[in-house]
Each structure stands twice: as C-alpha cells, then as structure tokens.
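Participant: just coords:
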C-alpha cells in the first residue's frame, strides 16, 4: 500500500518496472501453463483475500490500530496507548510477523471464488502475490481452503516483469488484477496488451484513491470484474 519513491531517475524507474526478482523467475518457469489459452493473473490481498480486515485483527493483539487516513500502511499504523505511528523502520518486521501469524486465517473477498470458478474453463488462473517467500505455501493452502486452488507465485517488488514473462509463456490474452496503482503501472509498461483491472475490495480503501490511470476498469465488486473479464475474453475471441 506504500507508493514507490518519487525521486528515482526515469531510466531507473523503467528498469524497476520491468525487473523480475531472481527468486520469482524459477516459480514462473515451473508452472504448467497451456500455450494459447488466456491467463488471469490476480493479486491476492484486497483482491482475493481480505488483507486489511485480517491486519486489523492482528494489530489489536499488538496494541496497535490502523488509522485509514490515506492509502498507505507506513505512518497509519499507530500505538493505542500513545497514538504515535509505528516508525517506518519497524514496518517490514511488523508485516513479516503479520503474514507469519495470519496468512492461514485470512478470509476471502466476497464473490472471488465463484467468479474465478466461472471463468476457469475459458482462462488459466495464477495468483501473483507479494507475500513473503516463506509464506507462499501457506497462502496457497488458505486460498485452496476457500475454493481457489490456483498456482501461487510469491513475488517481490513490482509485478510488471512477472506478468511480461507469463504473457510470453502463454502467447494469449492476459488479464491482471491488483489493488496497488504502481503495480498496475508496471504491468502497463512491461506488457501493454494486458487487460488491467484496479480492484480494491475494502470500501474504505477504495475511497482513499482514484482509479489507476493505467487501468482499463476499476471496481470493488467481483461480479462486475467477472463481467469485464468475460467481455475481454469474448472480444479477444475466447
């Protein structure tokens, strides 16, 4: 939920948008994808699983709370006793602890499983998530327990490079869903033909920022996302 640094040189920004982490590439190459069949690449947190709701439950156990005054975590996680924000330097460890304790228990976004089930005859589905690598299997198990037993790629950094490589493997239309604008921008830069959906499940978050300028569709509703994806597939001949 935190924006990329704004003072990066333009050529470095583009390299970042296209980068593929060395630990992500082997996960992609190990997938058994069907060439010529469309691919839906979906983020998990706030798209398939309710990240914010789960985070708030975890923060309560730590004497913390989330002040949703902006679309960011850093600066908005605060101590209940003093009201002071958790320092930025402590946020990575806090989030690591959250994923370690809560990845298995997050609950699904309403309608996600049904929509993907309806689409899977027409498209392959992969979950591309910035969960810690150590929690990849737990994330897959949690998704499967809620009717979304799809391959999971644990990503690090922006997602453009991963989507570009996936598109090269399938040589077919790709649909990408994410709640983070700079992930959507990175996919637009790395593989422009991808149909890009800006999806934010939590309505509180959705009110905090406008639709990504790099998205083709914006929604908080999986029924609407399903209809948009279905129309994209039909337009592309599938």
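Facilitator: Looks like it arrived, so ask away. Note that the structure is predicted; figures quoted are calculated from it, not measured. Residues are numbered from 1 along each chain as shown.
Participant: Let me see the domain layout of this protein.
Facilitator: The chain is divided into the following domains under automatic domain parsing: 10-50+108-235, 52-104.
Participant: end to end, how far does the shortest one reach?
Facilitator: In this case it means domain 52-104. 14 Å (Cα to Cα, to the nearest Å).
Participant: picking up where we left off before, possible to save the domains of the chain as a markdown table with mean pLDDT and mean neighbour count?
Facilitator: (Each C-beta comes from the backbone N, C-alpha and C, glycine too.) Converted to a markdown table, these look like this (pLDDT from 0 to 100; neighbours: other Cβ atoms under 10 Å):
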| stretch | mean pLDDT | mean neighbour count |
| --- | --- | --- |
| domain 10-50+108-235 | 95 | 19 |
| domain 52-104 | 96 | 15 |
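Participant: give the contact list for the spatially most central residue of the chain.
Facilitator: With distances taken as Cα atoms, centre = their mean, the chain has residue 43 as the residue nearest its mean C-alpha position (2.6 Å). Applying Cβ atoms under 8 Å, 6 or more residues apart in numbering, we find residue 43 in contact with 127, 128, 129, 159, 177, 178, 179, 180, 183, 199.
Participant: need the helices for this structure, in chain order.
Facilitator: 10-18, 25-29, 51-61, 91-102, 112-119, 136-145, 160-170, 181-190, 203-206, 222-235 (DSSP state H).
Participant: and residue 68, which of those helices is closest to it?
Facilitator: Each of the helices of the chain was scored for nearness to residue 68 using Cβ to Cβ, and the closest is helix 203-206 (5.2 Å).
Participant: what helices or strands is the closest one leaning on?
Facilitator: Helices and strands touching helix 203-206, by 3 or more Cβ pairs under 8 Å, 6 or more residues apart in numbering; DSSP states H and E: there are none.
Participant: ok, back up a step: out of the contacts of residue 43, the closest to residue 139 would be?
Facilitator: Using Cβ to Cβ, residue 129 is the member of the contacts of residue 43 that sits closest to residue 139, with 6.2 Å.
Participant: Could you list everything the closest one pairs with in the sheet?
Facilitator: Under DSSP bridges, the beta-bridge partners of residue 129 are residue 154.
Participant: now swap in residue 40 and tell me
Facilitator: On DSSP bridges, the residues paired with residue 40 through beta bridges are residue 125, residue 175.
Participant: That one contacts residue 128, correct?
Facilitator: No. Applying Cβ atoms under 8 Å, one finds residue 40 not in contact with residue 128, separated by 10.2 Å.
Participant: Look up the closest residue to residue 201, ignoring the ones flanking it.
Facilitator: In space, and not counting its chain neighbours, residue 201 is closest to residue 109: 4.3 Å by Cβ to Cβ, 6 or more residues apart in numbering.
Participant: you'd agree that neighbour is up against residue 45?
Facilitator: No. In terms of Cβ under 8 Å, residue 109 does not count as a neighbour of residue 45; the distance is 9.6 Å.
Participant: which neighbours do the two share?
Facilitator: Counting by Cβ under 8 Å, 6+ apart, residue 109 and residue 45 have no contacts in common.
Participant: follow-up on the earlier one: which stretch among the helices of the chain comes nearest residue 214?
Facilitator: With Cβ to Cβ as the criterion, residue 214 lies closest to helix 181-190 of the helices of the chain, at 4.1 Å.
Participant: Off-centre distance for stretch 32-51?
Facilitator: The chain centroid and the centroid of stretch 32-51 are separated by 9 Å, computed with Cα atoms, centre = their mean, to the nearest Å.
Participant: now stretch 72-81
Facilitator: For stretch 72-81, the distance from its own C-alpha centre to the chain's C-alpha centre is 22 Å (Cα atoms, centre = their mean).
Participant: which residues touch it?
Facilitator: Around stretch 72-81, the neighbours that count as contacts under Cβ under 8 Å, 6+ apart are 1-3, 59, 63-70, 84-86, 88, 91, 94-95.
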